[in-house]
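Trainee: Could you look at this predicted model? Sequence included:
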Amino acid sequence: MGDGTELGNTLQDTARPRLVLVTGPSGAGRSTAIKTLEDIGFEAIDNLPLGLVERLFSGPPLQRSLALGLDARNRDFSPRALLELLQDLESHDPELLYLDCSREILQRRYSETRRRHPMSPNESAAVGIDREKELLVPVRDCADALIDTSELTIHALRQELERRFAPQTGRLLAVSLVSFSYKRGLPQGLDIVHDCRFLRNPYWDPSLRDLTGKDPEVAAYVAQDERFENFFLKLSEFLSFLLPAYRAEGKSHLTIGLGCTGGQHRSVFVTEKLAEALAPGGWQVSIRHREIDRREGEVAVRSNNAGSGVAKA
């Protein structure tokens, strides 16, 4: 991990230091968030008791943006105490970042790591997950920024945090392109959605079925659809109009979803091509292929389990 000094100086020089309080259920990604914020220039302190937070501001004003990780397991933690703390820190414009995750995914994460849940050391992880989620409902409802990590890899979570909290001075709008399968539902947090299911489907060609939209054979197949050129031209023109308008309104990041039936061929190809088209305009573009990332993650888990001799029923 880098010390974030250079970016930290950028934060200090170009904007008022930010105060971000990070919380959420155990296993949802708070530690990753704290480390990411540190890497982009924040001073980061994790697991700080609520009773000590105000002492940090008894000295000189902040010279650098600060991220505080607040854990529901700390003995002085309560939703009421946290919300009162936010009021006490109002002059510092605190931002409450809440990392959330579905019960099912949290249970799977605890199962894979074989850890006990801190709120149910002698019971199942499911019991602790429910207790903690119920405790944090008032906090979640008051969050300034909420990120659901249920479908995010660690890499994708870092990208999302960087888009939201990295210094934006001198940058254009950060654009996140996400390919997905409609069969698994829309990804969380999309601003705009485009349906690519009208394009010819490589799935029905046996030689292309196991490839993805990143492969040139699939790209050529989709591009040969007589509707593709006109569709892509109109899509590019539409975004060329929208992106400057969003930036002018002060929006710092925009997430665009491109979906198809399986999330492997058409949406992946269009996502890759759209990123190429946007890059010359100076937009900060990032790509996430949800179904491909998910499949690769499942393969990695199976490989790790096989390597450790874990038996599967």
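Mentor: On my side now, so go ahead.

Trainee: Let me see the ranges of the helices in this structure.
Mentor: 5-14, 30-39, 50-53, 79-88, 103-113, 125-135, 137-141, 154-165, 216-223, 228-248, 266-278, 290-307 (DSSP state H).

Trainee: Low-confidence regions, the protein specifically.
Mentor: Applying pLDDT under 70 to the chain flags the ranges 1-15, 112-114, 119-120, 122, 167-172, 250, 297-313.

Trainee: okay, now the domains of it?
Mentor: Taking automatic domain parsing as the criterion, the chain consists of the domains 5-165, 174-297.

Trainee: How about residues contacting stretch 280-298?
Mentor: Outside stretch 280-298, the residues that touch it by C-beta atoms under 8 Å, 6 or more residues apart in numbering are 151, 153, 156, 159, 163, 171-181, 184, 187, 212, 240, 243, 262-264, 268, 271-272, 275, 278-279. For the C-beta atoms, the positions are set from N, CA and C on the backbone; glycine is no exception.

Trainee: Same check on stretch 104-124?
Mentor: Contacts of stretch 104-124 (C-beta under 8 Å, 6+ apart): 25-28, 72-73, 101, 125-129, 131-132, 149-150, 301.

Trainee: ok, and the closest non-adjacent residue to R80?
Mentor: Excluding its sequence neighbours, the residue lying closest to R80 (C-beta to C-beta, 6 or more residues apart in numbering) is P138, at 7.6 Å.

Trainee: ok, that neighbour - contacts?
Mentor: 79-80, 83.

Trainee: ok, it to L97 distance?
Mentor: Counting by C-beta to C-beta, to the nearest Å, the gap from P138 to L97 is 16 Å.

Trainee: do K251 as well
Mentor: From K251 to L97 the distance is 18 Å (C-beta to C-beta).

Trainee: So these two - more neighbours on which side?
Mentor: Set K251 next to L97 and count neighbours by other C-beta atoms under 10 Å: L97 wins out with 25 against 13.

Trainee: Make sure that one is actually in contact with T149.
Mentor: No: assessed by C-beta atoms under 8 Å, L97 is found out of contact with T149, at 11.7 Å.

Trainee: Distance to S65 for the helices of the chain - can I get that in TSV?
Mentor: Listed next are the helices of the chain as TSV, based on distance: least, C-beta to C-beta, whole Å:
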stretch	distance to S65
helix 5-14	5
helix 30-39	8
helix 50-53	15
helix 79-88	17
helix 103-113	29
helix 125-135	28
helix 137-141	21
helix 154-165	8
helix 216-223	41
helix 228-248	22
helix 266-278	28
helix 290-307	29
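
Trainee: Looking at those helices, which is nearest to L66?
Mentor: Proximity to L66, assessed across those by C-beta to C-beta, is greatest for helix 30-39 (9.1 Å).

Trainee: Tell me how far the closest one lies from the chain's centre.
Mentor: 12 Å (C-alpha atoms, centre = their mean, to the nearest Å).

Trainee: got it, and stretch 261-277?
Mentor: Averaging C-alpha positions (C-alpha atoms, centre = their mean) puts stretch 261-277 19 Å from its chain's average.

Trainee: And the contacts of it?
Mentor: Counting by C-beta under 8 Å, 6+ apart, 177-184, 194, 196-197, 199, 201-203, 208, 211-214, 218-219, 222-223, 232, 235-236, 239, 256, 258-260, 285, 287, 289-292 sit against stretch 261-277.

Trainee: For the residues you listed, I'd like a selection string for PyMOL - just the buried members, please.
Mentor: Applying 16 or more other C-beta atoms under 10 Å to the contacts of stretch 261-277 leaves a buried subset, and the PyMOL line that selects it is:
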select buried, resi 177+178+179+180+181+182+194+196+199+201+202+203+208+211+212+213+218+219+222+232+235+239+256+258+259+260+285+289+290+291+292
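
Trainee: now D100, nearest residue through space, not along the chain?
Mentor: D100 sits nearest to D148 (C-beta to C-beta, 6+ apart), 5.0 Å away.
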